[in-house]
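Q: only geometry, no sequence info:
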């Protein structure tokens, strides 16, 4: 298994241009992973909404719920 330090050492042996390409590839991959996470969360929310677990709220009600949570997070 490669350690983080080993990976950094390996990257430091690349040319600056190769390092920049690697950075670009990693950013794109991270963005894709994050998009997939968001998609999974959205699908889960949609399933919960369609099953009645989640109810639609007005903006005012959603803000009130958020404020209540921020004031008393241990009650959730």
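A: Received the coordinates, thanks. Being a predicted model, the structure only gives us computed values, none of them experimental.
Q: Distance-wise, check residue 70 relative to residue 57.
A: The gap separating residue 70 from residue 57 is 16 Å, by C-beta to C-beta, to the nearest Å. C-beta: built from backbone N, CA, C; applies to glycine.
Q: which of the two has more neighbours?
A: residue 57 (11 against 8; other C-beta atoms under 10 Å).
Q: Roughly how far does that one sit from residue 65?
A: 7 Å.
Q: Also residue 41?
A: 18 Å.
Q: got it, and residue 32?
A: Distance from residue 32 to residue 65, by C-beta to C-beta: 32 Å.
Q: cool, residue 26 as well?
A: 37 Å.
Q: center of the chain - which residue?
A: residue 34 (4.9 Å; C-alpha atoms, centre = their mean).
Q: What is the least confident helix or strand in this structure?
A: In the chain, no helix or strand scores lower on mean pLDDT, DSSP states H and E than helix 59-71, which sits at a mean of 93.
Q: Show me how far that helix is from its chain's centre.
A: Its chain's C-alpha centre and that of helix 59-71 lie 22 Å apart, by C-alpha atoms, centre = their mean, to the nearest Å.
Q: How about stretch 6-24?
A: For stretch 6-24, the distance to the chain centre is 25 Å (C-alpha atoms, centre = their mean).
Q: Repeat that for stretch 65-76.
A: On C-alpha atoms, centre = their mean, the centre of stretch 65-76 falls 22 Å from the chain's centre.
Q: Which positions within it qualify as buried?
A: Buried residues in stretch 65-76, counting neighbours by 16 or more other C-beta atoms under 10 Å, are absent.
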